[in-house]
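# Return atomic coordinates for the entry below.
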Amino acid sequence: MDGWAGGVRFREAQADTGPCRGRDTIAPCMLLRDAHPDDFPAILALNEASVAVLSPLTPERLAHLHGQAAYHRVLEADGAVRAFLLALREGADYDSPNYRWFVARYPRFLYVDRVVVAGAGRAQGAGSTLYRDLFAFAADAGVPAITCEYDIEPPNPASARFHARFGFREVGRQAVVGCRKQVSLQAVEIGRDGAVA
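Here you go, the predicted structure:
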């Protein structure tokens, strides 16, 4: 279903009684849809499974971020959430030092706070599906840049390769978590069609 919410287009795949053929599905039958509070336990479990490469998340913090998010979508398969992506615009009430770094330097952006994919979904393109949808969302909203960060100390080469494929480039670095981690701050400019500018 296509529609508008808060001036921004949204898409939600409709159920298909035959083989998965919807434009918002990926094999095997993954449904891309907006996240809802009923999804929070699954989102928290996915986050906890990947906490080594992203920040911890409590139920209260997730509820706050969900309320601040410009984009919060999940990929569902067989009735279970297999992946999610949560992103915020400038002006959000968020204390992340990485988000604040972009606030200080970019007047308009969409910040990927976290993207998490369960093991099996990685080989099926779940992360790429979420990012393609995010790029389309940003283009529809007229947002000129998507930003994110990933760890470089300790290194996260999988995230580095993934983001390079989408045209992200390093725009800065900073130490976080009491200088126990160093992150690469990344950005990509996008055109009105969602393609890398």
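# Listing request: residues of the chain with sub-threshold pLDDT.
Within the chain, the set of residues satisfying pLDDT under 70 comprises 1-28, 120-123, 197.
# buried stuff in the helix or strand harbouring V81?
Secondary structure from DSSP states H and E places V81 in strand 80-89. Residues of strand 80-89 classed as buried by neighbour count (16 or more other CB atoms under 10 Å): 81-89. All C-beta atoms are positioned from the backbone trio N, CA, C, and that covers glycine.
# which residues in this structure form helices?
In the chain, the helices defined using DSSP state H lie at 40-49, 59-68, 97-103, 119-123, 126-141, 157-165.
# ok, and what's touching the first one?
Just to be clear, that refers to helix 40-49. Residues outside helix 40-49 that contact it (CB atoms under 8 Å, 6 or more residues apart in numbering) are 35, 54, 56-57, 59, 62-63, 66, 74, 80-81, 83-84, 114, 116-118.
# please redo it, this time with the cut-off set to 10 Å
35, 37, 39, 54-59, 61-63, 65-66, 72, 74, 76, 80-84, 86, 114, 116-119, 121 (CB atoms under 10 Å, 6 or more residues apart in numbering).
# among those, which ones are buried?
Of the contacts of helix 40-49, these count as buried by 16+ other CB under 10 Å: 35, 39, 54, 57, 62, 65-66, 72, 74, 76, 81-84, 86, 114, 116-118, 121.
# Please name the bridge partners of the residue at minimal distance from the centre of the chain.
Centroid-nearest residue in the chain: L85, 3.1 Å away (criterion: CA atoms, centre = their mean). Legend: beta-bridge partners of L85 under DSSP bridges are R73, V115.
# residues in contact with it?
Residues near L85 by CB under 10 Å, 6+ apart: 32, 35, 69, 71-75, 112-117, 126-127, 129-131, 133-134, 137.
# What separation is there between it and C148?
According to CB to CB, to the nearest Å, L85 stands 10 Å off from C148.
# what residues do those two have in common as contacts?
112-115, 131.
# Using TSV, please lay out these together with distance to V188.
Output for the shared contacts of L85 and C148, formatted as TSV (distance: CB to CB, whole Å):
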residue	distance to V188
V112	10
D113	16
R114	17
V115	14
Y131	10
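# Can you tell me which of those residues has the most neighbours?
The residue in these with the most neighbours, by other CB atoms under 10 Å, is D113 (23 neighbours).
# ok, and the closest non-adjacent residue to that one?
L86 (5.0 Å; CB to CB, 6 or more residues apart in numbering).
# wouldn't that neighbour be in contact with H64 here?
No - checked against CB atoms under 10 Å, the pair L86 and H64 is beyond contact range at 11.1 Å.
# beta partners of the closest residue to A160 other than its chain neighbours?
Closest residue to A160 apart from its sequence neighbours, by CB to CB, 6+ apart: Y150 at 6.3 Å. Assessed by DSSP bridges, Y150 has beta-bridge partners S184.
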